[in-house]
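> Need coordinates for the following:
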Amino acid sequence: MKQQLNVVRTASLGATASAHPQFDTVTVLGAGAWGTALAIAFARAGRTVRLWGRNAEMMGDMARLRRNMAYIPGVLLPDTVIPISDLSAAVDGVDAVFIALPSKGVGAIADKIASDVKPLAPVISCAKGLDPETEELLTDRIQSAIPQARAMFLSGPSFAAEVARGEPTSVVIAGEGELAAEMAASLTSDSFHVEPVEDLIGAQIGGIMKNVIAIACGVADGLGHGSNTRASILARGLEEAASLADALGGSAHTLLGVAGAGDLALACTDPQSRNYSYGRALADPAAPLTATTFEGADSVAKVCAVMTAQGVSAPIACAVDAMLKRDLTPEAMVASLFRSVTAARTPEATQ
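As a prediction, the model looks like this:
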């Protein structure tokens, strides 16, 4: 396993404001709950959306019934959402591509669509993890696979079902400043607020770390600990995330917004959170668990290795990793968090 994260700044490609597309037609790759919810949200903002899924029968049913019966059956697809199962046709000529797949699938799909993405088109990761093979941030993996594109990242406290129902939701889109602002304006609607940020590293670290911290909070709740315990883990988890963002060249300040504190508050307190529910089930086998993909569990070993290599204090990430490797019991994992001391951060580290 690599012991440090390969962080690459996205190239500007010599772009100017006049090179920015208008984002009239966008594609969402992944017709699960999150991808479908994003497609609905973007359509409400006035975009035409091609929603791609690999199962041709499922996509045909979705086009006919105007519903995703497998994931979000209670919400009709807007007329401007076009279900499609041909990957090349889904991507060809569109103004932006959103990859709403688990992090382990982002690199492979980026490789497949590389020749179909038009020059300067944004390709946006909507997954919260590291590339499992290269251990890169997902935007770096996308940029490597599709050099003519501009890699970006979308994240925030956003349960798919609530987004699809039109519950007020705020997310961030991270990337080059003017492009991010134009994307945010194109995607924002009355119920889906998109905030532009330039800190690709900090925004992604927030998304990666919140999944790990959510497992720890779920374990604590599954053991029957109270709100004090959960709040302590959440706060110290935010500190860990901020320290890692600083070490990798991002900004701790980014984590004070919806991409950090907001996402943590949601993922660490609500049973709708997959990673929180996973942690709770580890401590209490009687707790309900229906999901099968847990980004925090997939990422935590890499996160612990990266933090160790960077000299960043990682008591929570490494304790969760040890628990998943069965080197610690859930009880011992929680107890260890209250014996460790996070190193104080200097004022310069937050600037």
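
> List the residues that contact Ile173.
If a contact means CB atoms under 8 Å, 6 or more residues apart in numbering, then Ile173 has 124, 152-154, 180, 183-184, 187, 194-197 as its contacts. The C-beta positions use only the backbone N, C-alpha and C, and glycine is treated the same way.

> That one in helix, strand or coil?
Assigned by DSSP: H, G, I helix; E, B strand; the rest coil, the conformation of Ile173 is strand.

> can you tell me how far it sits from Ile40?
17 Å (CB to CB, to the nearest Å).

> can you check Ser277 too?
24 Å.

> are any of the contacts of Ile173 buried, and which?
124, 152-154, 180, 183-184, 187, 194-197 (16 or more other CB atoms under 10 Å).

> what domains does the record give for the protein?
With domains defined by automatic domain parsing, the chain comprises 19-198, 209-343.

> Contacts for the helix or strand harbouring Val163 next, please.
Under the criterion of DSSP states H and E, Val163 resides in helix 160-165. Counting by CB under 8 Å, 6+ apart, helix 160-165 makes contact with 32-34, 36-38, 40-41, 71-72, 74-75, 169, 192, 272, all of which sit outside it.

> cool, stretch 75-85 as well?
Counting by CB under 8 Å, 6+ apart, 31, 36, 39-40, 43-44, 47-56, 59-60, 62-63, 66-68, 90, 164-165 sit against stretch 75-85.

> Would you single out the least confident of the domains of the chain?
Among the domains of the chain, domain 209-343 carries the lowest mean pLDDT, at a mean of 91.

> Please tell me how far that one is from the chain's geometric centre.
In this view, domain 209-343 has its centroid 15 Å away from the chain centroid, taken as CA atoms, centre = their mean, to the nearest Å.

> again, but for stretch 164-177
For stretch 164-177, the distance to the chain centre is 12 Å (CA atoms, centre = their mean).

> how about Ala43, what does it touch?
When contacts are counted by CB under 8 Å, 6+ apart, Ala43 touches 49, 77-81.

> And it, which helix or strand is it part of?
Residue-wise, Ala43 maps onto helix 33-44 under DSSP H and E.

> Name the residues of that helix that come out as buried.
33-44.

> Considering those, which is situated nearest to Ile113?
For these, the residue nearest Ile113 by CB to CB is Gly35; the value is 14.5 Å.

> Leaving out sequence neighbours, find the closest residue to that closest one.
Distances taken as CB to CB, 6 or more residues apart in numbering put Ala100 closest to Gly35, at 3.5 Å, once the chain neighbours are dropped.

> tell me the contacts of that neighbour?
Neighbours of Ala100 in contact, by CB under 8 Å, 6+ apart: 28-30, 32, 34-35, 38, 126-127.

> do Asp116 as well
Asp116 makes contacts with 87-88, 91-92, as judged by CB under 8 Å, 6+ apart.

> Endpoints of stretch 191-206, how far apart?
One end of stretch 191-206 to the other measures 23 Å (CA to CA, to the nearest Å).

> before we move on, the earlier item: adding distance to Leu238, write the contacts of Ala100 out as CSV.
Shown next, in CSV, are these (distance: CB to CB, whole Å):
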residue, distance to Leu238
Val28, 30
Leu29, 31
Gly30, 28
Gly32, 28
Trp34, 23
Gly35, 28
Leu38, 26
Cys126, 22
Ala127, 21
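
> Setting aside sequence neighbours, what's the nearest residue to Ala209?
For residue 209 the amino acid is Met, not Ala. Of all residues not flanking Met209 in the chain, Ala241 sits nearest, at 3.8 Å (CB to CB, 6+ apart).

> which SS state does the one you found fall under?
Of the three states, Ala241 takes helix under three-state DSSP.

> hang on, it packs against Lys210?
Yes: judged on CB atoms under 8 Å, Ala241 makes contact with Lys210 at a distance of 7.4 Å.
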